[in-house]
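1. Provide a 3D model corresponding to the input given below.
(2 chains)
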Amino acid sequence: MTCLPAHTEKKLGLVIDLDTCVGCQACVTACKEWNTGGHMAPLTDIDPYGGHVDGVWFNRVHTYEHMTEMGGRTVNFPRSCLHCEQPACVTVCPTGASYKRASDGIVLVDEDKCIGCKLCSWACPYGAREFDTDVGVMKKCTLCVDRIYNDNLAEEDRVPACVAACPTSARHFGDLGDPASAISQLVEARGGVELMPELGYKPTNRYLPPRARTERAARVDAPALEPIRAEGGFLGWIDRMLSN
Amino acid sequence: MHPAISVVFFTTATGAGYGLLALLGVLGGLGYVEPGFWFGLVSMALALGLIVAGLLSSTGHLGRPERAWRAFSQWRSSWLSREGVASVATFIPAALFGIGWAVLGRSGGWVAVAGLLAAAGGAATVGATGMIYASLKPIAQWHSRYTLPAYLVFAAMTGAVLLNALLQGFGRGSTSVLACAGLATLAGWGWKLATWRHNDRLELPTSTNAATGLAGGTVRSIEWPHTEENYVLKEMGFRIARKHSARLRRITNFLAFAAPAVLLGIAFLLPWPVAAATASVLAALLQFAGMLVERWLFFAEAKHTVTLYYGR
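-> Below you'll find the predicted structure:
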């Protein structure tokens, strides 16, 4: 049913720290690796070794230059589904293939119902949905719904693959609907923001802006290199001979 | 936005088909236009043929067309589903009207009721088509008060020009229908010019700062996540038309509006029925071609917010 639930018990989502993301693409490849065998499998690759590489990815890392009066800085920016509270991608779906779960707020696609009309991808301002030309249906991030509730995995592994893979802990997973949860408190402490709030989609995921610059950072200036002094004696004579 | 040929033809053809059906339903049902066997048959076949061809063409856009029947289920939330339901529901009064008016040669009574219901169904379907686009917030050129009236005005315009061409072609020209077709063409032209003027001053409804959560200063894309174009760029980042938009707008102005208006004016003034019929049919053909270009531009000139992420 593409009508939205009035209320979701949880608001599971991601918090992405733009301060510590190093743009290593580990989350991207971990996502592809897990999901090409997961709920929305396969994440097809078209012409993977040819000149027109294409295919489905749920997570893409952009890089931006952010210039302010404090100077410029490079910001790596992972972009994926934000599991919005008002996901127009769900309400525009004519078949009921797209839905938002009342239990945890995850937005999913039922591949068996999708007719591949692509309207949901037009309705998403964030570009989170990608059409699979191989299978003819729309695909999107599942928040690794087949990991986070998976009893066959060790408890510490029951997080989305992107979160598990991140080497700098720039990605956090949890219930953003619970103000007491660690992830909500992280958002509170770091002033996490919604993307494009003016469009009214009410995304669940939050992004933590880069921390302000500080003068407390350690100075790592190395002393200037000095020219090598010519040595005297036999070695000095050899050095002079060889230098000629 | 990528202009899929199947969708461009679909919206243009069903617009004209439902416009013609609605006019036949109202004018025929109330007895203002007598059917006559061949005229009734040809005009109903043209209206329903355009509608069916358009609907079939729309399934060409689908990844899994064999599941298209599922699209009738979500009318409570989805304008695309409502469009599907309205389009199929309209066939019932349209068929009854066709039997009563074109085959039995009757008007008034239940034929008038069926004709009016077919007209209402056609308007509802075209309106739902317009709302599919008008409801999409990420695309400012579509999420505008111009979009829904445009679909209705263009359907009425192309329908009126087609009805006039049919009447003139069968030697039953009506000056009031001819005048309405000409005025509708001018009205459509005015609406398109106003829409373009509005769109040319539009800004995206958001900014790269808001898209990335980076407040203040400027945000410039310096590296994409992929080296080749992906689905998002091909579908939502289509750019070819912006290069040629001025020329394509001139083509639209000429084919869809100026040439048909002049031809209809000539038909209005000429006393010879054959010349008036030729001008009227030519006006309908040119206008249909022009509306295909207009609809192509409608997609190609629309800019999606996701382009912000790519610095486009």
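2. pretty sure residue B:119 is in contact with residue B:25, am I right?
-> Yes. If you go by Cβ atoms under 8 Å, residue B:119 and residue B:25 touch, sitting 4.0 Å apart. Placement of C-beta: from N, CA and C, glycine included.
3. So for these two, which sits in the more crowded spot?
-> Just comparing residue B:119 and residue B:25: by other Cβ atoms under 10 Å in any protein chain shown the higher neighbour count belongs to residue B:25, 31 against 25.
4. surely that one meets residue B:94?
-> Yes. Assessed by Cβ under 8 Å, residue B:25 is found in contact with residue B:94 at 7.5 Å.
5. shared neighbours, those two?
-> B:114, B:118, B:122 (Cβ atoms under 8 Å, 6 or more residues apart in numbering or on different chains).
6. Inside helices: which ones of those residues?
-> B:114, B:118, B:122 (DSSP state H).
7. roughly how far apart are the first one and chain A?
-> Think residue B:114. Counting by Cβ to the nearest Cβ, to the nearest Å, the separation of residue B:114 from chain A is 27 Å.
8. What does the pLDDT read for that residue?
-> Per-residue pLDDT puts residue B:114 at 97.
9. again, but for the last one
-> Listed pLDDT for residue B:122 reads 98.
10. Pull the contacting residues for it.
-> B:17-19, B:21-22, B:25, B:90, B:94, B:155.
11. again, but for the first one
-> Residues touching residue B:114, when contacts are defined by Cβ under 8 Å, 6+ apart, comprise B:25, B:29, B:93-94, B:96-97, B:100.
12. and if we set it to 10 Å?
-> B:25, B:29, B:92-101 (Cβ atoms under 10 Å, 6 or more residues apart in numbering or on different chains).
13. Tell me the buried residues within these.
-> B:25, B:29, B:93-94, B:96-98, B:100-101 (16 or more other Cβ atoms under 10 Å in any protein chain shown).
14. can you redo the residues you listed as TSV with pLDDT?
-> Compiled in TSV, the buried ones among the contacts of residue B:114 are given as follows (pLDDT from 0 to 100):
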residue	pLDDT
B:25	97
B:29	94
B:93	98
B:94	98
B:96	97
B:97	97
B:98	96
B:100	95
B:101	95
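15. ok, of those, which one's closest to residue B:259?
-> Nearest to residue B:259 among these, counting by Cβ to Cβ, is residue B:25 at 28.2 Å.
16. Near the spatially closest residue to the closest one that is not a sequence neighbour, how many other residues are there?
-> Spatial nearest neighbour of residue B:25, chain neighbours left out: residue B:115 (3.5 Å); criterion: Cβ to Cβ, 6 or more residues apart in numbering or on different chains. When neighbours are counted by other Cβ under 10 Å, residue B:115 registers 30.
17. what residues are up against residue B:115?
-> B:21-31, B:93-94, B:96-98, B:100-101, B:107-108.
18. quick one on the thing from earlier: which one of the shared contacts of residue B:25 and residue B:94 is nearest to residue A:223?
-> residue B:122 (83.1 Å).
19. Residue A:22 looks like it's in a strand, true?
-> No. Going by DSSP: H, G, I helix; E, B strand; the rest coil, the assignment for residue A:22 is coil, not a strand.
20. What residues does residue A:109 make contact with?
-> A:39-40, A:89-90, A:93, A:97-99, A:120, A:129, A:137-140, A:142.
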